[in-house]
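>>> Everything below, folded, please.
(chains A, B, C and D)
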2 protein chains.
Amino acid sequence: MKNKRDLLLQTATQLFSQGGYNAVGIDRIIAEAGVAKMTMYKHFPSKNALILEMLNARDESFMQSLTQYIDQQSSFFEKMKALFSWHHEWFNDKDFHGCLFINASAEFHQPDNDIYKRSSQHKQRLIHYIENLLTEIYAHQQAKKLAIQIEILLDGAIIAAHVIGHLNSAMEAWDIAQCLIDFKQEN
Amino acid sequence: MKNKRDLLLQTATQLFSQGGYNAVGIDRIIAEAGVAKMTMYKHFPSKNALILEMLNARDESFMQSLTQYIDQQSSFFEKMKALFSWHHEWFNDKDFHGCLFINASAEFHQPDNDIYKRSSQHKQRLIHYIENLLTEIYAHQQAKKLAIQIEILLDGAIIAAHVIGHLNSAMEAWDIAQCLIDFKQEN
DNA sequence: CATAGCATACAGACCTGTCTGTTTATGACT
DNA sequence: AGTCATAAACAGACAGGTCTGTATGCTATG
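Coordinates of the predicted model:
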């Protein structure tokens, strides 16, 4: 049997993803995880704390999975392409229910809310990673601007996949990115 | 005094926008609107029905405002630019709390949920409108593909503005669009 | 024996939707 | 113009359910 804390985080990730944060209660999470309520409250002092820790874990596994996927490629062009095809695979997973951070922002968007701030942080971390990828080709200033634009493409693709059900959106976004990025300087 | 039904819809729009759908209760809506609970339940049989009607009204006013704004322009280039600058103004409104339809999809994303279906419908309606704009320049097939890509740009900009707080995202998206669209055929 | 986890009940708050009875506005007829 | 019937909105209590978080004992395993 797994560590109860990780089991709770994993169950919470799945249920919050499927049902939303406010709609899914503590009782359902502990029932699905097969864990007593007191065990959960020993590991996480509140539901909000559970959500925050779950987002932390998700941020970590998201970035790790993405970077590993991209690191398999060597050329700049292939790396950028991998950035989009990783998203394509994500959207076409049967358990895709949108981005946990975007969805969290939808439910908790008071500026001082920790969950909201954590979601924003995740997106900024991703932008920063993309920016680093781009510095292989671009100057600092331009990489910064392009990173934000690519993040716009990726988030737009997430929404198109989730809300509209357009499961090819990541490839559409990649089309746009190719038109946006100048690959001529490629090494 | 206004029509109570419209007053309720307007109050619901504001409160759901600020606080989210599940977090805002009926009691708070009727209190803010200064309307009795039975009056609300006479106009809308349930909270879900209120949300649906509110989304209908928002869809209508959204499209009307956008199309009026765009119709002020005559050239294709200026119309496309207006599409993005309308969004820019929206994001920089002090009452901007993200897209009501994206946020609704985040809270209700069971495939058979009416609210989810309504949200998807709104996005599709917008895509269709953009597609019509594009047919001025492009062939049917290409306009269809481009419309989806531009919708990806707009939704990405919404997320960047709402989640990351990047209030210039609409203009960044417009930059991308200009690189995507061929204006040489402009009349 | 001690620690971790179990089951379950409970308090208190809140939520949706219903019920009742009162007040106000409207509008038609004399 | 004045009167009265009808409809709409009002206030507020209430039922039944759900939610979070706490408290209490019991069990099993090392």
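
>>> does residue A:54 really touch residue A:11, like I thought?
No: counting by CB atoms under 8 Å, residue A:54 stays clear of residue A:11, with 9.5 Å between them. The way it works is simple: take the backbone N, C-alpha and C, and place the C-beta from them, glycine included.

>>> more crowded one of the two?
Between residue A:54 and residue A:11, counted using other CB atoms under 10 Å in any protein chain shown, the more crowded position is residue A:54 (26 against 20).

>>> give the contact list for the more buried one.
A:9, A:12-13, A:16, A:100 (CB atoms under 8 Å, 6 or more residues apart in numbering or on different chains).

>>> mind redoing it with 6 Å?
Neighbouring residues of residue A:54 by CB atoms under 6 Å, 6 or more residues apart in numbering or on different chains: A:9, A:12-13.

>>> Then residue A:67?
Residues near residue A:67 by CB under 6 Å, 6+ apart: none.

>>> DNA strand D contacts on chain A?
A:25-28, A:37-38, A:41, A:45-48 (CB under 7 Å from any atom of the strand).

>>> make it 6 Å
Proximity of chain A to DNA strand D, by CB under 6 Å from any atom of the strand, involves residues A:25-27, A:37-38, A:41, A:46-47.

>>> Which residue ranges make up the domains of chain A?
Domain segmentation of chain A under automatic domain parsing yields A:1-44, A:54-185.

>>> Looking at these, which one is packed in the most?
Of all the domains of chain A, domain A:54-185 has the most neighbours on average by mean count of other CB atoms under 10 Å in any protein chain shown, namely a mean of 18.

>>> so how far is it from its chain's centroid?
The chain centroid and the centroid of domain A:54-185 are separated by 7 Å under CA atoms, centre = their mean, to the nearest Å.

>>> Low-confidence ranges, chain A, go.
A:1-2, A:183-187 (pLDDT under 70).

>>> who in it is up against chain B?
Residues of chain A lying near chain B by CB under 6 Å from any CB of the partner chain: A:20, A:22-23, A:97, A:102-103, A:105-107, A:109, A:119-120, A:123, A:148-149, A:152-153, A:155-157, A:159-160, A:163-164, A:172-173, A:176, A:179-180.

>>> out of these, which touch DNA strand C?
Near DNA strand C, judged by CB under 6 Å from any atom of the strand, there are no entries from the residues of chain A next to chain B.

>>> still on that earlier bit, if we take the residues of chain A next to DNA strand D, which one ends up nearest to chain B?
residue A:25 (11.2 Å; CB to the nearest CB).

>>> circling back to that earlier point, can you tell me which of the residues of chain A next to chain B are in helices?
Secondary structure from DSSP state H places A:102-103, A:105-107, A:119-120, A:123, A:148-149, A:152-153, A:155-157, A:159, A:172-173, A:176, A:179-180 of the residues of chain A next to chain B in helices.

>>> Thanks again, I'm all set now.
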